[in-house]
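# Predicted structure and sequence below. I'll ask about it afterward.
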Amino acid sequence: ISSGAFYNCTSLTSVSIPNSVTDIGSGTFENCRNLNEVSIGNSVQCIRNAVFYWCTSLSSINIPSSVTFIGTESGSMGAFEACHLTMLTIPNSVISIGARAFYNCSNLNTLTIGNSVTSIGEYAFSGCRGLTTLTIPNSVTRIDNYAFSSCSNISSMTVEAVLPPIIYINSLAINKNIPVTIPCGSLSDYQSANYWSEFTNYQDNSFEITTQVNPSGYGTVEGVGRYCSGEDCTLTATPATYYRFVNWTEGGNVVSTNASYTFTVTGDRTLVANFELDGIHFITAGNWNDASNWLPSTVPGTNDNVIINAAATIPSNYLAQVANVIIGTGGSITVEDGGQLKCNNAVTATFIKNIAACPADNSAQNWYLITSPVGQVNTSVVTTGHSYNLFKYNEADVTWDGNGGAYAFTTLNTGVDRDRKSVV
């Protein structure tokens, strides 16, 4: 269709362009003010400048997917300039939106730009005051000056390109404080790019994952930080010495009992890594009944599990009664004359013979050793559910190996014969 073919046909109300047409010349329907219905054939490739300029009754248009260019020349009237369009979809076939293409379409309130558009010309959507939101697809690499000037009602914008498109001082002459959503990980690029840096409210579709340790100091957490929406986050909780991990909670609810917790990020989250003491720990060499030698600072009782991590001494005539005893790294137990250790469940320990209280003549009953009411006792296999007590023996009746370790005996001080026992 040649340029200006239907120029100023003010009585024209509808037009159907057949599929045989491939090009619509400049100004073809310019100033057809009563034209309100247009059908464009699916062979048209280019809608040139001023084709529908000042068609003020045209409120909708279906641009076929054959179109690759809308408007071409700069400095002339736009293809749909001053039309009263309310909704507009630029199809994915369009590569370029020319200068002033939709200039002063003030009723336009819904705009979809196809994801093949690479450039948006100057003043292309200037004066489109009905727009409240704007999405720039990731295909756009350049937005010319004043392309979206005087679009005073735009209150939010989404830019899908990872790298910011080239813009100029007035390409986006809109409120710079509106929220601008950009791809995750692109924040620094936009904040440092020319003219994009003027926007103050970027939202990069990422979320903050934070954690707390409860109680404080009982462990550490790795994996916190900012994550993109849909990205997997793995939090790993590591207990401090003498403690163990319990669970992860959020808002008081348990979300995992695994120390390594993986989830898909969909929003900001604050999770709590909960720890507790792994038994009662003897951590400083000294007497068993001194609370300052224990973690926490309390002498263990009959229901406590005890781990000995230092040289512990059960004082003379003192009864130490707990649920379980384990000798940890650097730990040992010395039982002084008359001392006793009762373990309600199991014991894994090395006991050191106390020679300080032994008379020179070896006549006194000064030796206290772990024995079992049901037979053999050693450090690796102890029957759970039995009580193990310290008993006194005659020094003359026992044979030591010289290292305070294994020994043999035949007679208890009570005079009751027993089989050979192995004690460590």
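Okay, I see it.
# Would you confirm that Ser3 contacts Phe29?
No. The pair Ser3 / Phe29 is not scored as a contact, 10.8 Å apart, by C-beta atoms under 8 Å. (Each C-beta comes from the backbone N, C-alpha and C, glycine too.)
# Give the residue from these two that has the larger number of neighbours.
Taking neighbours as other C-beta atoms under 10 Å, Ser3 and Phe29 compare with Phe29 leading, 25 against 15.
# Relative to Cys233, how far out is Asn214?
19 Å (C-beta to C-beta, to the nearest Å).
# go on, Val299?
Shown here: Val299 relative to Cys233, a distance of 43 Å by C-beta to C-beta.
# Then Asn309?
For Asn309, the distance to Cys233 - C-beta to C-beta - is 35 Å.
# Then Ala259?
Counting by C-beta to C-beta, the gap from Ala259 to Cys233 is 15 Å.
# For the stretch 51-200 of the chain, which segments count as strands?
Ranges of strands in the stretch 51-200 of the chain, per DSSP state E, counting those that start in this stretch, are 69-70, 87-90, 96-97, 110-113, 119-120, 133-136, 142-143, 156-159, 179-181.
# What strands line up against the fifth one, and which way round?
Yep, that's strand 119-120 we're talking about. Strand 119-120 has the following strand partners under DSSP bridges: strand 96-97 (parallel), strand 142-143 (parallel).
# Report the contact partners of Gln45.
Going by C-beta atoms under 8 Å, 6 or more residues apart in numbering, Gln45 touches Thr22, Asp23, Ser66, Val67, Thr68, Phe69.
# Those, buried ones only, as a PyMOL selection?
Remark: buried members of these, expressed as a PyMOL selection using 16 or more other C-beta atoms under 10 Å:
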select buried, resi 66+67+69
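# need the contacts of Gln45 in a markdown table with pLDDT and distance to Ala161, can you?
Listed next are the contacts of Gln45 as a markdown table, based on pLDDT from 0 to 100; distance: C-beta to C-beta, whole Å:
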| residue | pLDDT | distance to Ala161 |
| --- | --- | --- |
| Thr22 | 94 | 31 |
| Asp23 | 91 | 31 |
| Ser66 | 97 | 26 |
| Val67 | 97 | 23 |
| Thr68 | 96 | 20 |
| Phe69 | 94 | 21 |
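# Once you drop chain neighbours, what's closest to Met175?
Just so we're on the same page, residue 175 is Asn rather than Met. Leaving aside its sequence neighbours, Asn175 sits nearest to Ile154 (C-beta to C-beta, 6 or more residues apart in numbering; 7.2 Å).
# number of nearby residues for the nearest residue to Cys128 once chain neighbours are set aside?
Leaving aside its chain neighbours, Cys128 sits nearest to Leu108 (4.7 Å; criterion: C-beta to C-beta, 6+ apart). Residues lying near Leu108 (other C-beta under 10 Å) number 23.
# so Leu108 makes contact with Leu134?
No. Assessed by C-beta under 8 Å, Leu108 is found out of contact with Leu134, at 11.1 Å.
# so how far is Val117 from the closest residue to Leu88 other than its chain neighbours?
Of all residues not flanking Leu88 in the chain, Leu111 sits nearest, at 5.4 Å (C-beta to C-beta, 6+ apart). Per C-beta to C-beta, Leu111 is found 12 Å from Val117.
# which neighbours do the two share?
In contact with both Leu111 and Val117: Ile90, using C-beta under 8 Å, 6+ apart.
# The nearest residue to Pro215 once chain neighbours are set aside: which element?
The shortest distance from Pro215 to any residue other than its chain neighbours is 7.0 Å, reached at Phe275 (C-beta to C-beta, 6+ apart). If you go by DSSP states H and E, Phe275 is part of strand 269-277.
# following that strand, which helix or strand comes up?
The C-terminal neighbour of strand 269-277 among helices and strands, as given by DSSP H and E, is strand 280-282.
# Could you list the paired strands of that following strand along with their orientation?
Sheet pairing of strand 280-282 (DSSP bridges) gives strand 294-295 (antiparallel), strand 305-308 (parallel).
# which residues sit against the first one?
Residues from elsewhere that reach strand 294-295, judged by C-beta under 8 Å, 6+ apart: Tyr242, Leu277, Ile280, His281, Phe282, Ile283, Pro300.
# ranking these by neighbours, who comes first?
Using other C-beta under 10 Å as the neighbour criterion, Phe282 leads the contacts of strand 294-295 with 26 neighbours.
# If anything else comes up later, I'll come back, but that's it for now.
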